[in-house]
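Participant: here is the input, now give the coordinates:
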Amino acid sequence: MNDTATERDVFVLSSEEERLLDIGKKVLTQEAQELINVSSRLGVEMIRAAKLVFDCKGRVVLSGLGKSGIIAKKIAATFASLGTPSIFLHATEGIHGDLGMVCRGDVGIFLSNSGETNEVLEIIPYFKRFGIPIIAITGNVSSRLGKEADIVIDASVTREVDPLGLAPTSSAIVQLAIGDALAVMVADMRHLKKEDFALFHPGGSLGKRLLLKVCDVMGSDDRLPVVSEKATVREALFEITSKGYGATIVVDDEGRLKGIFTDGDLRRLIEDRGEAGVLSMPVAEVMTKNPKTIDADELAVRGVLLMEKYEVSVLVVMKDGLPVGMVHLHDMLKAGVA
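Facilitator: Here you go, the predicted model:
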């Protein structure tokens, strides 16, 4: 059974299932409240931290241990994703050689809910020795980490949401959210654009949707199906069959777009008039005039949207007022933008 809202509403839950569901809802509600609480108390320290990261000439070094280490690793990935060079330094590995990856000009962000994690505290002197500023995200601002850091961000929570109130649940969510907030603030200061974001994600679907243009996926030159408006349906059908787009562009003597003839047009033509004499008809008489077009420099994802809007599978690609290519929905699928 799929756990969709519709199916859930159909079945009557047992009292035990209702109890379990209430626990899940309560966890989300309590964690949401903790985020509201931390948001209401944040102040100038967030601005100072964001400016420190923005002005960083090196990389942002995230460090932590245990669950805080896992959150630190995720925050490092978020910073990098939004254009801020960053790395994750495992606190234990740091004191056993990995501190060599830290350089002057870096900025440290240390995560520890207690603020008393020994492994985290042990790498602080190295950062101090090289004049590397430290931002602490901690649930105890009066801790040793809080006192050693240059900037302290209060990540304290009322309580953890697990039954014992001990597992890093609410505190981990708050740490992650504060990291996200810092990363987004710095991205805003950098005036991050979609194109910049795409450069950091060239291999993924996000990058393809933001970078790939129609001209990158269209069929052109000898792959472009095109016939003269003086051609017959037979000649158009041969062009459709040989190029594999299920359609052909129809142009005048100057190469200007006059229409499009598709295999669908052919089927409808045969249904209306029968097979006799159809192949010898001028294609200009039976083509679809004013076909859907797209500029070659448009983003490919824009082409997908047009195909969905007009319920077509091919678009004529234009450049400087002339047809230069054809793009099929299959091209978009292969390119990963549909």
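Participant: which parts of the stretch 151-300 of the chain are strands?
Facilitator: 151-154, 226-228, 247-251, 257-262, 293-295 (DSSP state E, counting those that start in this stretch).
Participant: out of those strands, flag the one nearest residue 213.
Facilitator: strand 293-295 (9.2 Å; C-beta to C-beta). C-beta coordinates here come from the backbone N, C-alpha and C atoms, glycine included.
Participant: which residues sit against the closest one?
Facilitator: 214, 257, 302, 303, 306, 315, 316, 317, 318, 319, 323, 327 (C-beta atoms under 8 Å, 6 or more residues apart in numbering).
Participant: domain parsing for this protein?
Facilitator: 15-192, 214-335 (automatic domain parsing).
Participant: mind listing what's buried in the longest helix along the chain?
Facilitator: Using DSSP state H, we find that the single longest helix of the chain is helix 15-41. By neighbour count on 16 or more other C-beta atoms under 10 Å, the buried set for helix 15-41 is 30, 31, 34, 35, 38.
Participant: the first one touches residue 170, doesn't it?
Facilitator: Yes. Contact criterion C-beta atoms under 8 Å: residue 30 and residue 170 qualify, at 6.7 Å.
Participant: need the residues touching each of the two.
Facilitator: residue 161.
Participant: mean pLDDT added to the domains of the chain, as a markdown table?
Facilitator: Formatted as a markdown table, the domains of the chain follow (pLDDT from 0 to 100):
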| stretch | mean pLDDT |
| --- | --- |
| domain 15-192 | 93 |
| domain 214-335 | 91 |
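Participant: among the contacts of strand 293-295, the buried ones, what's the ChimeraX command?
Facilitator: A single ChimeraX command is used to select the members of these judged buried by 16+ other C-beta under 10 Å:
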select :214,257,302,303,306,315,316,317,318,323,327
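Participant: and the furthest pair within the contacts of strand 293-295?
Facilitator: Among the contacts of strand 293-295, 257 and 302 lie farthest apart (C-beta to C-beta), at 18.8 Å.
Participant: tell me the contacts of the closest residue to residue 175 other than its chain neighbours?
Facilitator: Of all residues not flanking residue 175 in the chain, residue 71 sits nearest, at 4.7 Å (C-beta to C-beta, 6 or more residues apart in numbering). Shown in contact with residue 71 (C-beta under 8 Å, 6+ apart): 64, 111, 172, 175, 176, 179.
Participant: try it again with 10 Å
Facilitator: Taking C-beta atoms under 10 Å, 6 or more residues apart in numbering as the contact definition, residue 71 lies against 62, 64, 111, 113, 137, 155, 168, 171-179.
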